[in-house]
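**Student:** fold the following.
(chains A, B, C and D)
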4 protein chains.
Amino acid sequence: MSGFFGSISKNSCVSDVFYGTDYHSHLGTKRAGMAFYSAGNGFQRAIHSLEDGYFRNKFESDMAGFTGNIGIGVISDTEAQPIQVTTHLGRFAVATVSRIINMDELEAYFLKKHQTFAETSQGSINATELVAKLIAEADDFLAGIENVYKRVKGSCSLLVLTEDCIIAARDKLGRTPVVIGKKQDARAVAFETCSFPNLSFETERFLGPGEIVRITAEGIEQLRKPGDRMQVCSFLWVYYGYPPSFYENINVDECRYHCGAALAANDTVHADFVAGIPDSGIGHAMGYSNARGIPLKRPYTKYTPTWPRSFMPQSQVTRDLVARMKLITNDSVVRGKKGIFLDDSIVRGTQLKDNVRNLHAAGIKEVHMRIACPPLTYPCEFLNFSRSRSNLDLATHKAVKKLEDRDEFDMKDYSDYRNGKYACMVEQIRKNLDLTTLVYQKLNDLVGAIGLPKEKLCTHCWDGSGYFDNPKPA
Amino acid sequence: MSGFFGSISKNSCVSDVFYGTDYHSHLGTKRAGMAFYSAGNGFQRAIHSLEDGYFRNKFESDMAGFTGNIGIGVISDTEAQPIQVTTHLGRFAVATVSRIINMDELEAYFLKKHQTFAETSQGSINATELVAKLIAEADDFLAGIENVYKRVKGSCSLLVLTEDCIIAARDKLGRTPVVIGKKQDARAVAFETCSFPNLSFETERFLGPGEIVRITAEGIEQLRKPGDRMQVCSFLWVYYGYPPSFYENINVDECRYHCGAALAANDTVHADFVAGIPDSGIGHAMGYSNARGIPLKRPYTKYTPTWPRSFMPQSQVTRDLVARMKLITNDSVVRGKKGIFLDDSIVRGTQLKDNVRNLHAAGIKEVHMRIACPPLTYPCEFLNFSRSRSNLDLATHKAVKKLEDRDEFDMKDYSDYRNGKYACMVEQIRKNLDLTTLVYQKLNDLVGAIGLPKEKLCTHCWDGSGYFDNPKPA
Amino acid sequence: MSGFFGSISKNSCVSDVFYGTDYHSHLGTKRAGMAFYSAGNGFQRAIHSLEDGYFRNKFESDMAGFTGNIGIGVISDTEAQPIQVTTHLGRFAVATVSRIINMDELEAYFLKKHQTFAETSQGSINATELVAKLIAEADDFLAGIENVYKRVKGSCSLLVLTEDCIIAARDKLGRTPVVIGKKQDARAVAFETCSFPNLSFETERFLGPGEIVRITAEGIEQLRKPGDRMQVCSFLWVYYGYPPSFYENINVDECRYHCGAALAANDTVHADFVAGIPDSGIGHAMGYSNARGIPLKRPYTKYTPTWPRSFMPQSQVTRDLVARMKLITNDSVVRGKKGIFLDDSIVRGTQLKDNVRNLHAAGIKEVHMRIACPPLTYPCEFLNFSRSRSNLDLATHKAVKKLEDRDEFDMKDYSDYRNGKYACMVEQIRKNLDLTTLVYQKLNDLVGAIGLPKEKLCTHCWDGSGYFDNPKPA
Amino acid sequence: MSGFFGSISKNSCVSDVFYGTDYHSHLGTKRAGMAFYSAGNGFQRAIHSLEDGYFRNKFESDMAGFTGNIGIGVISDTEAQPIQVTTHLGRFAVATVSRIINMDELEAYFLKKHQTFAETSQGSINATELVAKLIAEADDFLAGIENVYKRVKGSCSLLVLTEDCIIAARDKLGRTPVVIGKKQDARAVAFETCSFPNLSFETERFLGPGEIVRITAEGIEQLRKPGDRMQVCSFLWVYYGYPPSFYENINVDECRYHCGAALAANDTVHADFVAGIPDSGIGHAMGYSNARGIPLKRPYTKYTPTWPRSFMPQSQVTRDLVARMKLITNDSVVRGKKGIFLDDSIVRGTQLKDNVRNLHAAGIKEVHMRIACPPLTYPCEFLNFSRSRSNLDLATHKAVKKLEDRDEFDMKDYSDYRNGKYACMVEQIRKNLDLTTLVYQKLNDLVGAIGLPKEKLCTHCWDGSGYFDNPKPA
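**Tutor:** Predicted coordinates:
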């Protein structure tokens, strides 16, 4: 995914940008950066890798050097950011939350004009530098960002740091959120509202799809009105978002309680306890436990003192080690017992399979798995989160491949719970994961738990719907 | 507190000692160390500060250099450890979980004999070096450790690493735990059983009070039988221990569910939700929520991606900042609602007061606080955990001081819930903390939740009971 | 100044580029970088600051990650380098030794075309990125580098790293050197030949002014012939170059011996010893001592074990401390003695003044200063070395200002030793520095010591001669 | 060797101890440490390895934390120092320059008394901790240090840091130097006087052999008079000492000029230039060059910008690499020329052999080697410097082994230049090293160059003389 935070104040914003960006750490594991502007020191920027350390540790030593009443920060799941450029529009810095599908086409377009890219990211050009060049093609920032909307196939929300304002733009279809916060003499702009309360910001308003605003310490000036159509990612509530965050005024954790309650509504399985798979399953489990009156327990505890999060180390060996070490099974809870387990989703199922094996080793009697969303049958085409995974890695595709005994197949029938093929696929996944029972959320129930009209949500992962606006060829 | 872990194997134990020690990180914030022995490289040792980093990060670069089938590690809340000494018993390393009250007397005893101390810890001699000297006074390790039992006023559990075994000793009255784990071709010894499952150790047995054993990869040889009397710290279950851990075969999290349930049993307050104060209040809240059928919710979420734990930075300013930043209030849960909050205990009440202020700021209607143990009326005299705090810092003493309007008073009546003074004190604390209602656990209910006979438990904090064995004057 | 080194081999060149670049460390104090290309890993680059550490220490940890048979490195006295760009000519890296006087004009030219600069260096655009853009304007590398020659007012030697060759170009008037080395299956290109012997390279040939070559492991292909006119910087021999290096086939240290001998030729002052001001005065002093038969001694010793070089820390306070600490006076040599001291040049005279004060404090009787070049009367307009210094900082200008009692004056007469004003100025400098006698080299003698025709040398600092080729307006 | 520095002042001594200790960096390559005392912070100490960094870099981050008007520092070629102990004499810190031959015997003595050693150094006890224990055996510091003199077989100079003074003691036979410096309101004590001038100290006086003094900011109190007999190490002047330093009032560099002149006196070989092998051969070469009127040149230059000194990395591979990389041959000086080379001594000859090979590769015609001291025929038994080397590594022993074709032989005849065997050995060494001619200094000439009576000097390396005082058995 990735996430960003910016602030402009009548006083120094350095500390707010530091902590505000840090509160987006759950959204990215590759690179992080901050940029500030002050009249005395001009633009200042630092970028560090997150692959071997946490945001605050990495930037602590840079903090003393930063000055400014205006700054932006980004936690990036892909390229190094923010990019700082000198252009005919002046010097500015850009941070993006984006996926650009037609990167090669846009690169060729600029190279043909004998332009140069100075940044590289894992052997390719840097997507944020590309966005900066698209902005600099136009005669002002508004036209430049509209140029980004027009040319980029994919999705791109962005922050531009200039010498006197932050320009914030939410992607054309509003797949990812941008929200404005305010306090005395300052404004903030963020992906996650959970970055606001401890910095004393209150939510001022959520940008609409394609909306562009110019932010100063005094307020917000709308540069472009939001569009009518929206395709906000449903997974923000199910998995990505931090529990206290809101998108479109809807709280993440409340949504998860509703997901759990919806799963509980028609469930009759007997069990001694209910539990969530840490971390994102916990909210779902709380909703389920309360709805059915079955005690919530902790069959696993995460060793948070030193394994703070499911971060994504480079090597698979380290990732496996982390997965194995961070959760500690509590024999006392599971031995001889029947448990209902809630998880947000099943992607590949690999880690879940290990967890189930540990539960059996610890003497559990029955493992009933309840998933807060429908089976993931269509890989995401719009955002970053599953782009490096082969389709056949998906637990659903593995199951169907076994059922149909071939590599190519149509997932349409399998994604409709009323179709018999759906039941066969779920049964196959249950067997693969060695579960006593397995039930997925129905899509309608998920949509209901979120509370937005279905046409405003992207539900592509589950039913293949969702769409792009056609970008203009470069 | 402090905690230790050791292992001896037919193969390399380095990785097991590294991860096993790491799983004690919640028990100390000052220093950590590991020592290994191998025939090729002899004794090897590293010690690092934990005040500016986590155990695994600090020791990562040392790992490549360590070799050995036998080693020990320690997370120390006080002095640098393990101590490595050359003595007439040979070279050995020692790690302790101890509080030595008569340190000055024992120091004077050795200085008078023209012996020297080579280590210092915050301006005093190093307690573990003192223990090593007491061991080296005798003609063998058993007599040496019995010399420690005899001379030390206080409590001292310890591990001795020699060239061919680990000698483990639980303190005379068993205030702190020592437990043995086993797997194919290896043994482990630990404070926390939660260090065992992910390293494939199973609990072999818990040492009794004063018991001393010699551990090799093949098994355990008892060098000294356990004593009859025990004074194990009740706070291990209420606060210190990690949820999946067991002491005396009793699970920490189960005990906390029972604590919550006991508080629920006679409670009738109406509320919209139940919540635990992270982290140690969560287990208590789960027990309470289930017993009363009131939904468990998360009015706060800890930002675990980068604020992994309530660690103890040196400066109060930083501590306050951490306290403020790590918990994020979820307005969606609290606005206009009545909540019941579970916490393990109230020591000074400072942080709780801040939390309550945030809840009010977020629009909560009622805050009902339920505490898993009785009021802390007598400061701990036996272990480290409250030694640097003045009595008057305690929330109970502050309340009584206000009630009696003087600095010196007798807490006896205030520690008995049947006495009217108890109710006055609790009411005063409730006012100080701006709570709607405040209820503490009764001591009998706590003892019942743990499940051991009261005479085996140290309950000094709450009723002033608890005792030392008389040490012999040096 | 700045200096670069590149190598292309049939085997890995990583170690050669690492050590070869390190041997240019005396030429820059700000940034250093290396770039490599390998088919497996593509382009790889690292850049570090040299302001708080030495080249080898800074890049040690990067070394394990680099692979390639082709690479370049640079020690930069100004901007971060090498720059790595993606262009219509493909991806390539560039390192430069340059001074670009019309940077603002060229920046405006590109911005007008809506191009962007992604790098900044101390608040300005990065000169090497600008060079990369000038190259990318053309249809091939040769035309691109000729575009650099045409557009840049100033001087620019450069290395281009492509996927299959290194293109090396010496600046149009050959102010700075570029030399090719060869060994079995490999070629190297460098600024300093002193980088060759320990890596087993032999000097193959020196590029001429404006010459451009394409280097592979097999040999050199000339892309552009050298021009007729040359303006190589005389200071390379007097000060910048490392003693074992050669430029235009003329050795640095031999030139310095000749300088010293030339000063000795007409000198008759009596003295007990001759000494060089470390480091660059030593060679001059050896030549002088031998010519006059007066013993060479060490009245100062540099504490090289931990003060390795006259590096240039950021703060003036630190610079003064370093200057004070690194030289240790030897009383035994100076007390009651007369000494002749050789130095390469006097720029501001500040440090020399301190040294002379220390000599007096140690009891010296007479201090006779002999300078290897004429008085510095015209600030360098062609290379970086004095660009941040105000004219009035120069010892000559300070002296003349005092003599003429005004801020504006013509240095022409003062730069001619046959003119009476020259003698007055030198006498004033002598007084300012508290010297017994002061003699500067005559320009003819310096030219003779180097051994090239005067018209091939830039002697601007001393006589105001020297010129640019007119660049074409952008 | 090792070296120490201490200071006591009416103001903070922290900066002086930092820089003063740094100026002993040429004396040790293993560990360094500093200890300070202030009333507010008590004793403070830091120790770092020197194997991967320089003194100032390693201690820079500790400096902010140190306070005190009294402190000591040490550059140790062996064990970690200073040792800080708590004893019946109070708390104090000790630094030593020592070699203790009967360490095992003294260790056994203390272990038998059930005392413990808390420090280890490469698998053995720490020699300085042993010295601290010997001091603590007595009833006051004077008796304690005399106990060290009595019990230690070997040599031990030391500094004791107490809360109000520094006690300095030179070893019984004065093998290593201790010198006192003074300035306004402060005293310093050092091994090297070259640490004094830049810190504004003047030499107050040199301690005699076995002398013990108590130093305060006001002055020196003699606790023990110097003994009559002295055995100061001759190698201090020939090799160890830094050129501006004095021992027994005799300057190091002047001694080296005399050594060179003495070698020149009877030499008639023809040559184009004279050169010193850096670093310690330079002073000798200056003396020789001047005496014979043959030009001094630099056939090698050390690349000091990043290879600051002949430090001693752990691995032989790295040592060889450093040896190869740090010296750059200047072809211009050597091709087709005859050169006379001065070096301080030949130990194993390995590095010299490599240098000679490089000279031949660069086209030199003749290599005449002149050595500032006689052949090293007897390994040092008194100080650390050759303790890890086998006798047969010595160039002399290798030569004699070849001549006599056996492993055991008597070196007596070979160490007397008037004996024919001496000439045979030197000729064999000349052949082994591929030299044109080889001449060693005669012992009388070396003694003359130093200027002390021979009976005051230890000349054991060359003639097998030199002696211990008998230590009392423990």
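**Student:** please, where are all the strands along the stretch 351-474 of chain A?
**Tutor:** Ranges of strands within the stretch 351-474 of chain A are A:366-371, A:437-440, A:457-458, based on DSSP state E, counting those that start in this stretch.
**Student:** partners of the last one, with directions?
**Tutor:** Meaning strand A:457-458. strand A:232-233 (parallel) (DSSP bridges).
**Student:** what's the next secondary structure element after the partner strand?
**Tutor:** helix A:235 (DSSP states H and E).
**Student:** ok, now how distant is the residue lying closest to residue A:177 once chain neighbours are set aside from residue A:56?
**Tutor:** Closest residue to residue A:177 apart from its sequence neighbours, by C-beta to C-beta, 6 or more residues apart in numbering or on different chains: residue A:247 at 4.6 Å. All C-beta spots, glycine's among them, are computed from the backbone N, C-alpha and C. Counting by C-beta to C-beta, to the nearest Å, the gap from residue A:247 to residue A:56 is 25 Å.
**Student:** contacts for the host helix or strand of residue A:203, please.
**Tutor:** In this assignment (DSSP H and E), residue A:203 forms part of strand A:202-206. Strand A:202-206 is contacted from outside by A:177-183, A:187, A:193, A:196, A:220, A:246-249, using C-beta atoms under 8 Å, 6 or more residues apart in numbering or on different chains.
**Student:** buried ones among these?
**Tutor:** With neighbours counted by 16 or more other C-beta atoms under 10 Å in any protein chain shown, the contacts of strand A:202-206 contain buried members at A:177-183, A:187, A:193, A:196, A:220, A:246-248.
**Student:** quick check: the farthest pair among these?
**Tutor:** For the buried ones among the contacts of strand A:202-206, with distances taken as C-beta to C-beta, the pair at the greatest spread is A:183 and A:248 (22.2 Å).
**Student:** check what pLDDT the residue in chain A positioned nearest to chain D gets.
**Tutor:** Taking C-beta to the nearest C-beta, chain D has its nearest neighbour within chain A at residue A:61, 11.9 Å off. We have a pLDDT of 87 for residue A:61.
**Student:** can you list the residues of chain A near chain C?
**Tutor:** A:42-43, A:83-88, A:91, A:107, A:111-112, A:114-120, A:123, A:125, A:129, A:132-133, A:136-137 (C-beta under 8 Å from any C-beta of the partner chain).
**Student:** which residues does residue A:186 bridge with?
**Tutor:** residue A:9, residue A:183.
**Student:** does it touch residue A:6 like I think?
**Tutor:** No. The criterion here is C-beta atoms under 8 Å, and residue A:186 misses it with residue A:6 at 10.9 Å.
**Student:** out of those two, which sits in the more crowded spot?
**Tutor:** Neighbours were counted for residue A:186 and for residue A:6 using other C-beta atoms under 10 Å in any protein chain shown; residue A:6 has more, 31 against 21.
**Student:** next, the angle helix B:55-63 makes with the helix or strand encompassing the residue of chain A closest to chain D.
**Tutor:** In this structure, residue A:61 sits in helix A:55-63 according to DSSP H and E. Relative orientation of helix A:55-63 versus helix B:55-63 (axes from the mean of the first three to the mean of the last three C-alpha atoms, to 10 degrees): 80 degrees.
**Student:** so for helix A:55-63, what gets flagged as buried?
**Tutor:** Buried-residue list, helix A:55-63, by 16+ other C-beta under 10 Å: A:55, A:56, A:57, A:58, A:59, A:62.
**Student:** counting by contacts, list what the next helix or strand after that helix packs against.
**Tutor:** Moving toward the C-terminus from helix A:55-63, the next helix or strand (DSSP H and E) is strand A:70-76. In terms of contacts (3 or more C-beta pairs under 8 Å, 6 or more residues apart in numbering or on different chains; DSSP states H and E), strand A:70-76 is packed against strand A:3-9, helix A:14-22, strand A:31-38, strand A:90-100, strand A:154-161.
**Student:** how about these in a markdown table, adding distance to residue A:427?
**Tutor:** Formatted as a markdown table, those follow (distance: least, C-beta to C-beta, whole Å):
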| stretch | distance to residue A:427 |
| --- | --- |
| strand A:3-9 | 38 |
| helix A:14-22 | 44 |
| strand A:31-38 | 42 |
| strand A:90-100 | 34 |
| strand A:154-161 | 36 |
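**Student:** what sits against the nearest residue to residue A:158 once chain neighbours are set aside?
**Tutor:** Ranked by C-beta to C-beta, 6+ apart and with sequence neighbours excluded, the top spatial neighbour of residue A:158 is residue A:96, at 4.5 Å. For residue A:96, the contact set (C-beta under 8 Å, 6+ apart) comprises A:2, A:4, A:74, A:81, A:127, A:128, A:131, A:156, A:157, A:158, A:159.
**Student:** repeat the analysis, applying 7 Å as the threshold.
**Tutor:** Contacts for residue A:96 (C-beta atoms under 7 Å, 6 or more residues apart in numbering or on different chains) come out as A:81, A:127, A:128, A:131, A:156, A:157, A:158.
**Student:** and the worst-scoring helix or strand of chain A on mean pLDDT with chain B, contact?
**Tutor:** Sorted by mean pLDDT, DSSP states H and E, the helices and strands of chain A end with helix A:316-326, the least confident at a mean of 74. Yes. Contact between helix A:316-326 and chain B, assessed by C-beta under 7 Å from any C-beta of the partner chain, occurs at A:324, A:325.
**Student:** how far away from the center of its chain is that helix?
**Tutor:** How far helix A:316-326 lies from its chain's middle: 22 Å, per C-alpha atoms, centre = their mean, to the nearest Å.
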